[in-house]
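Trainee: Next comes the sequence, and after it the predicted model I'd like to discuss.
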Amino acid sequence: QVQLVESGGGLVQAGGSLRLSCAASGLTFRRYNLGWFRQAPGKEREFVAAIRRLGGGTLYADSVKGRFTISRDSAKNTAYLQMSSLKPEDTAIYYCAADLGDIDPTKHKLDYWGQGTQVTVSS
């Protein structure tokens, strides 16, 4: 059974940092591209960042470019999202996802999703 478990969310002041983790089990981690998405109250889920299985190439939404960094550790079967210079508009539930195909802002039907972790940024 495949599981993606996010952790690391919480309450932080604007300008602060958080690191989210996504621990994967039940799948061959190195075969999957990984992504982070978020959903704010009353809004649709949106793409945040993605990292490829081969070569580790990354892609970011314009709204987080230069502030967020996605990474992966194959030894730990874990993906990370380092978030810095956080803004109140970053407040959302953050989800990680895994897919055998490429992950980009247009693709929301992915193989596996986690349950999400809440990030709240106060002003």
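Mentor: Great, that's in hand. All of these numbers come straight from a predicted model, not from anything done at the bench.
Trainee: Which parts of this structure are strands?
Mentor: Using DSSP state E, the strands of the chain run over residues 3-7, 10-13, 18-25, 33-39, 46-51, 58-60, 68-73, 78-83, 92-99, 112-113, 117-122.
Trainee: Show me what the residue most central in space within the chain bridges to in the sheet.
Mentor: By CA atoms, centre = their mean, the chain has its centre lying nearest to Trp36, at 2.3 Å. Beta-bridge partners for Trp36, by DSSP bridges, are Ala49, Cys96.
Trainee: And the spatially closest residue to Gln1 that is not a sequence neighbour, how close does it get to Glu6?
Mentor: Closest residue to Gln1 apart from its sequence neighbours, by CB to CB, 6 or more residues apart in numbering: Gly26 at 5.1 Å. No exception for glycine: its C-beta is placed from N, CA and C like everyone else's. Distance from Gly26 to Glu6, counting by CB to CB, to the nearest Å: 15 Å.
Trainee: who's more crowded, those two?
Mentor: Glu6 (22 against 11; other CB atoms under 10 Å).
Trainee: Can you verify my assumption that the more buried one contacts Leu18?
Mentor: No. With contacts counted by CB atoms under 8 Å, Glu6 stays clear of Leu18, the gap being 11.6 Å.
Trainee: where does the residue sitting furthest away from the middle of the chain land on pLDDT?
Mentor: Distance to the chain centre peaks in the chain at Ser123, reaching 22.5 Å (criterion: CA atoms, centre = their mean). We have a pLDDT of 94 for Ser123.
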